[in-house]
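Participant: Fold the stuff below for me.
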Amino acid sequence: MEVNCETIKHLASLSDFAISEEQTETLTKNLQDIIKYISELDSLDTEGVEPTYQVFEMENVWRDDEILPQDASREELLAMTKEEKDNQIKVPKVL
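Facilitator: As a prediction, this is how the structure comes out:
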């Protein structure tokens, strides 16, 4: 991948960033160095190495869904709303 001043200016334009000519040159040099460094990884022999998908031993904690008894009935809750329709609480549109 080639990064040049035009690439940086294009990305700045897309991002609506105002950058100076000096900043453009600095960013170009920095990105070229980063890409060169990362491309060195292509020369590593990774044959037989398992991909690392997760660094920490983590797993989802699941619980059973259970309906617990409530202090108020549906009718009592609907009676407290400003507006209800078809036995449901009516709320304003969000979008």
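
Participant: by contact count, what packs against the lengthiest helix in the chain?
Facilitator: In the chain, taking DSSP state H as the definition, the longest helix is helix 21-39. Applying 3 or more CB pairs under 8 Å, 6 or more residues apart in numbering; DSSP states H and E, one finds that helix 21-39 contacts helix 5-15. C-betas here are computed from N, CA, C, even on glycine.

Participant: could you dump the helix it packs on to CSV, C-alpha only?
Facilitator: The C-alpha trace of helix 5-15 is given here as CSV (Å, rounded to 0.1, in the frame of the first residue of the first chain):
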residue,chain,number,x,y,z
CYS,A,5,0.7,13.3,0.5
GLU,A,6,-2.3,13.1,-1.8
THR,A,7,-3.6,10.1,0.1
ILE,A,8,-3.3,12.0,3.4
LYS,A,9,-5.0,15.1,1.9
HIS,A,10,-7.8,12.9,0.6
LEU,A,11,-8.3,11.2,4.0
ALA,A,12,-8.2,14.6,5.7
SER,A,13,-10.9,15.8,3.3
LEU,A,14,-13.1,12.8,3.9
SER,A,15,-12.7,13.2,7.7
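
Participant: can you give me the offset of it from its chain's centre?
Facilitator: Distance of helix 5-15 from the chain centroid (CA atoms, centre = their mean, to the nearest Å) equals 23 Å.

Participant: And the contacts of that helix?
Facilitator: The list of residues contacting helix 5-15 from outside it, by CB atoms under 8 Å, 6 or more residues apart in numbering, reads A18, I19, T24, E25, L27, T28, L31.

Participant: now these as CSV including neighbour count?
Facilitator: Converted to CSV, the contacts of helix 5-15 look like this (neighbours: other CB atoms under 10 Å):
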residue, neighbour count
A18, 8
I19, 16
T24, 18
E25, 13
L27, 18
T28, 17
L31, 16
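
Participant: Brilliant, that's me finished.
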